[in-house]
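Asks: Below are the sequence and a predicted model for it; my questions follow.
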Amino acid sequence: MVFKRRLRCSFCSRSESEVQKLIAGPKVHICDACVGVCNKILEATPVGPGDWTKLTDAHLLAALKPAEASLDAVRSVLQAQIDTLRKRGISWSQIGDALGVSRQAVWERFS
Ligand SMILES: [Zn+2]
């Protein structure tokens, strides 16, 4: 018997039925939501980390807000994943184990 393996986003683990689009690469997949997060990060970071020293004070100060916005976007994806797990009855200990931190640390950060 052949089991058809369900395709999942390599970044957020949502299955193809849970996302609008799933883009395939060599042994990886990315969903439309994760592409959206990537785009926000790219918009927020006009230059690579190694180029920070080449920016003027004004440019670097202006780059802080969009960089923070990209962090918030990534955090909201993580929070949504954790909220979903909690609704499914997954314990804070299990989530802490998955993140490699204590139950207490994960609860303080995400509850
Ligand atoms: Zn995804």
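Replies: Sure thing, it's come through. Residues are numbered from 1 along each chain as shown.

Asks: average pLDDT for the longest helix along the chain?
Replies: Identified as the longest helix of the chain according to DSSP state H is helix 57-87. For helix 57-87, mean pLDDT is 85.

Asks: For the helix or strand that that helix is followed by, which residues meet the burial criterion?
Replies: Where DSSP states H and E defines the elements, the next helix or strand beyond helix 57-87 is helix 92-99. Neighbour counts over helix 92-99 (16 or more other C-beta atoms under 10 Å) mark W92, I95, G96 as buried. For the C-beta atoms, the positions are set from N, CA and C on the backbone; glycine is no exception.

Asks: sorry, back to before: helices and strands around the longest helix of the chain, which ones?
Replies: helix 32-44, helix 92-99, helix 103-110 (3 or more C-beta pairs under 8 Å, 6 or more residues apart in numbering; DSSP states H and E).

Asks: could the ones you listed be laid out in TSV, adding distance to A58 and mean pLDDT?
Replies: Shown next, in TSV, are those (distance: least, C-beta to C-beta, whole Å; pLDDT from 0 to 100):
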stretch	distance to A58	mean pLDDT
helix 32-44	17	83
helix 92-99	37	96
helix 103-110	33	93
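
Asks: returning to what we had before: so the longest helix of the chain versus helix 92-99, what angle?
Replies: Computed with axes from the mean of the first three to the mean of the last three C-alpha atoms, to 10 degrees, the direction of helix 57-87 lies at 130 degrees from that of helix 92-99.
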